[in-house]
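Enquirer: predicted model and sequence below, questions to follow.
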Amino acid sequence: RKEVEQDPGPFNVPEGATVAFNCTYSNSASQSFFWYRQDCRKEPKLLMSVYSSGNEDGRFTAQLNRASQYISLLIRDSKLSDSATYLCAVGNYGGSQGNLIFGKGTKLSVKP
Amino acid sequence: NAGVMQNPRHLVRRRGQEARLRCSPMKGHSHVYWYRQLPEEGLKFMVYLQKENIIDESGMPKERFSAEFPKEGPSILRIQQVVRGDSAAYFCASSPGQGLEQYFGPGTRLTVT
């Protein structure tokens, strides 16, 4: 089983739609969780951190389910500019570790 | 407030040459991470450094690759005797501490001909 798995998509949705992505992780001791977006041939940009209590930033809502070991990202009222690849990242810290483990990403295409 | 800076943005090397990639972290950040992304692949961790120390190099190939983060100046990822398979985008990220959000630089796209 891969450490961090995402549905690669693509998700093709019309403007205004609500779309949800899931990401599963294998290490139950993982401590931190993030969503990044990456545009074609650009660097990943931090979208939001994911907390146990869930968090919301405008049209974006992120949730963590530790029991089932997955995180989710919900995008409401999709915009054309939301078209990108969404990467989930999981951090296992402690000792000498400090890196993030990334999923391969889910591609979103929002159509007019 | 400059973000993470990387240079060069594009680097072309012939097989057998050396590649040096530089990364300056965000102001106030002392933790630097290097990742590699192959076409159509995910980001893969290579090495984690703090000033003058390599904290975790578990993702670094054993040969030809090295990294440093000196007391003064940028972090450097060095690839000796490059091969075609080294062609990739190399991203640097920085954070203010272990376990905190990482912010990425624009990357260096290495092409080995």
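Expert: Ah, there it is.
Enquirer: interface residues of chain A facing chain B?
Expert: Residues of chain A lying close to chain B by Cβ under 8 Å from any Cβ of the partner chain are A:31-32, A:34, A:36, A:41-46, A:49, A:87, A:91, A:93, A:96-105. All C-beta spots, glycine's among them, are computed from the backbone N, C-alpha and C.
Enquirer: tell me which of those fall in strands.
Expert: A:32, A:34, A:36, A:44-46, A:49, A:87, A:91, A:100-102 (DSSP state E).
Enquirer: which PyMOL command selects the buried ones in the residues you listed?
Expert: In PyMOL syntax, the buried subset of these is picked out as below (16 or more other Cβ atoms under 10 Å in any protein chain shown):
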select buried, chain A and resi 32+34+36+44+49+87+91+100+101+102
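Enquirer: is it possible to get JSON lines of the ones in strands among the residues of chain A next to chain B that adds pLDDT?
Expert: Shown next, in JSON lines, are those (pLDDT from 0 to 100):
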{"residue": "A:32", "pLDDT": "89"}
{"residue": "A:34", "pLDDT": "95"}
{"residue": "A:36", "pLDDT": "97"}
{"residue": "A:44", "pLDDT": "97"}
{"residue": "A:45", "pLDDT": "97"}
{"residue": "A:46", "pLDDT": "96"}
{"residue": "A:49", "pLDDT": "92"}
{"residue": "A:87", "pLDDT": "96"}
{"residue": "A:91", "pLDDT": "88"}
{"residue": "A:100", "pLDDT": "89"}
{"residue": "A:101", "pLDDT": "91"}
{"residue": "A:102", "pLDDT": "93"}
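Enquirer: what's the spacing between residue B:5 and residue A:66?
Expert: Separation of residue B:5 from residue A:66 (Cβ to Cβ, to the nearest Å): 36 Å.
Enquirer: what residues does chain B have near chain A?
Expert: Near chain A, when you scan chain B using Cβ under 8 Å from any Cβ, you find B:31, B:33, B:35, B:41-45, B:48, B:55-56, B:59, B:89, B:91, B:95, B:98-99, B:101-107.
Enquirer: can you say which of the residues you listed are buried?
Expert: In the residues of chain B next to chain A, the ones that pass as buried (16+ other Cβ under 10 Å) are B:31, B:33, B:35, B:42-43, B:45, B:48, B:55-56, B:59, B:89, B:91, B:95, B:98, B:101-107.
Enquirer: right, and the helix or strand after the lowest-mean-pLDDT helix or strand in chain A?
Expert: Lowest on mean pLDDT, DSSP states H and E among the helices and strands of chain A sits strand A:100-102, with a mean of 91. With elements assigned by DSSP states H and E, the helix or strand that comes after strand A:100-102 is strand A:106-111.
Enquirer: paired strands for that next one, with orientation please.
Expert: strand A:11-14 (parallel), strand A:84-91 (antiparallel) (DSSP bridges).
Enquirer: give the closest residue to residue 75 in space, chain neighbours not counted.
Expert: You didn't pick a chain, so chain A it is. Closest residue to residue A:75 apart from its sequence neighbours, by Cβ to Cβ, 6 or more residues apart in numbering or on different chains: residue A:19 at 5.2 Å.
Enquirer: right idea, wrong chain: chain B
Expert: Residue B:75's closest residue in space is residue B:69 (Cβ to Cβ, 6+ apart), at 4.1 Å.
Enquirer: what about the one you found, how many residues nearby?
Expert: 24 (other Cβ atoms under 10 Å in any protein chain shown).
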